[in-house]
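> Model the following, please.
(one chain, ligands or ions: 1)
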Amino acid sequence: MAVELKWKNQSHSMRLAEGRVPYLEYPMFADSGIVRHGFSTRLGGVSEGCYASMNLSFTRGDNEEYVRENFHRIAEAIGVRCEDMVFSQQTHTTNVRVVTDADRGMGILRPLEYTDVDGLVTNVPGICLVTFYADCVPLFFLDSVKHVIGLSHSGWRGTVGKIGKATVELMKKEYGCEPENILAAVGPSVCQDCYEVSEEVIDQFRANFKEEDWDSLFYRKANGRYQLDLWKANELIFKETGITEEHIAVTNICTHCNSDVLYSHRTMGDKRGNLAAFLSLKSEV
Ligand SMILES: [Zn+2]
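The predicted structure is shown next:
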């Protein structure tokens with residue numbers, strides 16, 4: 001299947017894994033050899049209409065059997081199992097949950113037993129963390145020494161609240177992770193050119209980020225509104241937690257610039273499916 005993606009820059013932070021079910025991945029995570037991971041596209045699924053075709057949400061009005069088939073297809077492509085998946089329950093919080101063996105299948109084989117969980121961490125091999133997107137920012141984490149993973153949903157509220165930092169803090173507290181061993185990535189989401197926000201939003205960024213960084217995060221336009229860079233903000237948050245520059249990958253794929261291939265809330269509004277991020281420690285390592 002030929003996939004036409006518009007890349008924002010020439011960095012090799014991400015690449016497309018082609019096949020019957022294409023998905024995006026990070027060379028940095030793949031090269032670690034200890035995880036399976038990926039970020040879905042709209043392609044390769046069975047859903048129809050505004051959900052076409054790889055919708056990965058059970059809660060947006062799509063036919064459940066189609067969504068289930070989509071999960072089986074993307075799971076097979078990435079090399080994970082549906083029964084090992086554990087879903088987030090995203091409400092733009094900075095809450096991060098420690099996922100254990102007992103959570104296996106949560107969200108896909110059985111109903112979620114928790115609410116308001118925007119981030120997931122685990123050290124259990126085989127479990128596949130799953131979070132959901134349509135312009136908001138996915139954050140991927142891997143401690144390649146302790147073998148601990150994290151996956152968090154960071155929209156503008158999560159970014160102002162620094163869920164990336166909350167995720168690393170929990171990895172440190174729960175598993176003794178050291179930030180210098182953590183690989184971290186900012187995933188496909190809305191780029192600065194496509195992300196106009198109000199002064200009220202910017203005021204919250206001014207309150208939570210150093211003044212010396214403001215020029216790299218946003219600029220004001222003649223109409224009094226602002227263009228905000230959530231990719232840069234999350235990169236700054238990674239560095240604030242002690243993650244080193246060479247362990248950070250920032251996406252070069254914008255969901256809104258590529259809304260024919262990726263679901264974008266800014267393009268499609270509520271009549272759309274969801275993309276998903278997947279991250280799992282290999283059980284055979
Ligand atoms: Zn864009």
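> buried residues in the top helix by length along the chain?
When the chain is scanned for its longest helix (criterion: DSSP state H), the result is helix 64-78. For helix 64-78, burial by neighbour count (16 or more other Cβ atoms under 10 Å) applies to Tyr66, Val67, Asn70, Phe71, Arg73, Ile74, Ala75, Ala77, Ile78. C-beta: built from backbone N, CA, C; applies to glycine.
> Over to stretch 211-231?
With burial defined by 16+ other Cβ under 10 Å, the residues of stretch 211-231 counted as buried are Leu217, Phe218, Tyr226, Gln227, Leu228, Asp229, Leu230, Trp231.
> on that earlier part again, could the buried residues of helix 64-78 be laid out in JSON lines, adding distance to the ion and pLDDT?
Shown next, in JSON lines, are the buried residues of helix 64-78 (distance: Cβ to the ion, whole Å; pLDDT from 0 to 100):
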{"residue": "Tyr66", "distance to the ion": "28", "pLDDT": "98"}
{"residue": "Val67", "distance to the ion": "27", "pLDDT": "98"}
{"residue": "Asn70", "distance to the ion": "25", "pLDDT": "98"}
{"residue": "Phe71", "distance to the ion": "27", "pLDDT": "98"}
{"residue": "Arg73", "distance to the ion": "27", "pLDDT": "98"}
{"residue": "Ile74", "distance to the ion": "24", "pLDDT": "98"}
{"residue": "Ala75", "distance to the ion": "29", "pLDDT": "98"}
{"residue": "Ala77", "distance to the ion": "25", "pLDDT": "98"}
{"residue": "Ile78", "distance to the ion": "25", "pLDDT": "98"}
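> With distance to Phe141 as extra columns, can I get these in TSV?
What follows is the buried residues of helix 64-78, written out as TSV (distance: Cβ to Cβ, whole Å):
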residue	distance to Phe141
Tyr66	31
Val67	27
Asn70	25
Phe71	23
Arg73	26
Ile74	21
Ala75	21
Ala77	22
Ile78	17
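> Now the phi/psi pair for the residue most central in space within the chain, please.
Nearest to the geometric centre of the chain sits Pro138, at 1.9 Å (Cα atoms, centre = their mean). Here is the backbone geometry of Pro138 (degrees, to the nearest 10): phi -80, psi 140.
> Report the spatially closest residue to it, excluding sequence-adjacent ones.
For Pro138, ignoring the flanking residues on the chain, the nearest one in space by Cβ to Cβ, 6 or more residues apart in numbering is Gly187 at 3.3 Å.
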